[in-house]
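> Show me the folded form of this:
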Amino acid sequence: MRDYELMLILHPDVDSERMTVVLDRIRRVISNSGGDIIEEENWGKKRLAFKIANQTDANYHIVSISMDPSLSAELENSLNLLDDVIRHMLVRQEEVAV
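You can find the predicted model right below:
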């Protein structure tokens, strides 16, 4: 198992109910494949650095995940199918030696 951080940029018109549906689907993909969600953080609506799909604002959501590396492709495919997700980025967290 490795630790990952998933950043989601969701369409600005997504209401809280639809955001819950999208996040539940992502949680289900992770948990059904044996992964664990460590932490979630909703940053709310922020201004984008540049326009994406003619949008200047978006909802940001960060998810810390512990999962098998083979799950990353399945998670990426699931995210690509969600219309409410404008962009996403899955990054492996490196262990810091002390």
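
> Show residues contacting stretch 42-54.
9, 11-12, 55-62, 86-87 (Cβ atoms under 8 Å, 6 or more residues apart in numbering). To be clear about C-beta, it is placed using only N, CA and C from the backbone, and glycine gets the same treatment.

> 7 Å instead, please
12, 55-62, 86-87 (Cβ atoms under 7 Å, 6 or more residues apart in numbering).

> CA atoms only: put it into CSV for me.
This file holds the C-alpha atoms of stretch 42-54, laid out as CSV (Å, rounded to 0.1, in the frame of the first residue of the first chain):
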residue,chain,number,x,y,z
ASN,A,42,-12.9,20.6,1.0
TRP,A,43,-11.3,23.9,0.0
GLY,A,44,-14.5,25.3,-1.5
LYS,A,45,-14.8,27.5,-4.5
LYS,A,46,-11.6,29.2,-5.7
ARG,A,47,-10.5,31.2,-8.7
LEU,A,48,-8.6,29.2,-11.4
ALA,A,49,-5.3,30.5,-12.6
PHE,A,50,-6.5,30.1,-16.2
LYS,A,51,-9.8,29.2,-17.8
ILE,A,52,-10.7,25.6,-18.0
ALA,A,53,-13.7,24.6,-20.1
ASN,A,54,-14.7,28.3,-20.1
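
> Near the residue nearest to residue 69 when sequence neighbours are not counted, how many other residues are there?
Nearest residue to residue 69 in three dimensions, chain neighbours excluded: residue 2, at 5.7 Å (Cβ to Cβ, 6 or more residues apart in numbering). Using other Cβ atoms under 10 Å, residue 2 is surrounded by 15 other residues.
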